[in-house]
Every structure is written in C-alpha cells, then in structure tokens.
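Enquirer: Need a 3D model of the following:
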Amino acid sequence: MDALLQTVTQTVAHDLRGLMHAAQLESPALVEKDLPGWHLPLGFAALAAAGALLVAAGGVQWEVQRARQSTPRKVRTHMHKHRLRTVPRHTG
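Expert: Presented below is the predicted three-dimensional model:
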C-alpha cells in the first residue's frame, strides 16, 4: 500500500511541476486589456452587459406573460363542448 501511495504522490507531483512549468512558458491566451476611453476593466463591462441583457429578457418575458393572461380564451376545450348530464342517484 505504501508503494502505491508513493507512486501516486510522485505522479501528482510530476504533473503539477509540468503544469507550473507550462504556465510560466506560455503567455495567457486571453489578456484583459483596457480599451481607450474606458475606465472600467473589460471583464466588468462584459458582466454589466450580460446583466443588462438578462434584465431585458426578463422584461420581455413579463410582457409576454401579461399579454397572455389578459386575452380571453376564445377556443373552448373538448370538455366544455359537451354538456354533461347528471344521472339521478339510485336509492334502492
């Protein structure tokens, strides 16, 4: 069991060293840059834009629900097309 734990520890340590070395060699693929005229970081601006889209989508959904609830139903369901007959109770 000790040999297995030692092998796993060595493998994990080797993988972590490889990842650390690779991170130091490569430049990040996505670099956040300040745009001219912007005083906010680009990530914050993207988050604010996503929030604005979410609020707009919520407003559209609210309007659709309100429009659906305010219009009367014109189509009768199958159950309402046929009049139900009551059967007298058998007391026997």
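Enquirer: In the protein, spot the helix with the most residues.
Expert: For the chain, the helix with the greatest residue count under DSSP state H is helix 42-70.
Enquirer: got the buried residues for it?
Expert: For helix 42-70, burial by neighbour count (16 or more other C-beta atoms under 10 Å) applies to no residue. C-beta coordinates here come from the backbone N, C-alpha and C atoms, glycine included.
Enquirer: Would you mind putting the CA coordinates of the host helix or strand of residue 15 into PDB?
Expert: If you go by DSSP states H and E, residue 15 is part of helix 2-25. C-alpha atoms of helix 2-25 as PDB (Å, rounded to 0.1, in the frame of the first residue of the first chain):
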ATOM      1  CA  ASP A   2       2.900   2.400   0.800                       C
ATOM      2  CA  ALA A   3       4.400   1.800  -2.700                       C
ATOM      3  CA  LEU A   4       1.000   2.700  -4.300                       C
ATOM      4  CA  LEU A   5       0.700   5.900  -2.300                       C
ATOM      5  CA  GLN A   6       4.300   6.800  -3.100                       C
ATOM      6  CA  THR A   7       3.700   6.200  -6.800                       C
ATOM      7  CA  VAL A   8       0.500   8.300  -6.800                       C
ATOM      8  CA  THR A   9       2.300  11.100  -4.900                       C
ATOM      9  CA  GLN A  10       5.200  11.100  -7.400                       C
ATOM     10  CA  THR A  11       2.800  11.100 -10.400                       C
ATOM     11  CA  VAL A  12       0.800  14.000  -9.000                       C
ATOM     12  CA  ALA A  13       3.900  16.000  -8.100                       C
ATOM     13  CA  HIS A  14       5.300  15.400 -11.600                       C
ATOM     14  CA  ASP A  15       2.100  16.500 -13.200                       C
ATOM     15  CA  LEU A  16       2.000  19.700 -11.100                       C
ATOM     16  CA  ARG A  17       5.600  20.500 -11.900                       C
ATOM     17  CA  GLY A  18       4.800  20.100 -15.600                       C
ATOM     18  CA  LEU A  19       1.700  22.400 -15.300                       C
ATOM     19  CA  MET A  20       3.600  25.000 -13.400                       C
ATOM     20  CA  HIS A  21       6.400  25.000 -15.900                       C
ATOM     21  CA  ALA A  22       4.000  25.200 -18.800                       C
ATOM     22  CA  ALA A  23       2.200  28.100 -17.200                       C
ATOM     23  CA  GLN A  24       5.400  30.000 -16.900                       C
ATOM     24  CA  LEU A  25       6.400  29.400 -20.500                       C
END
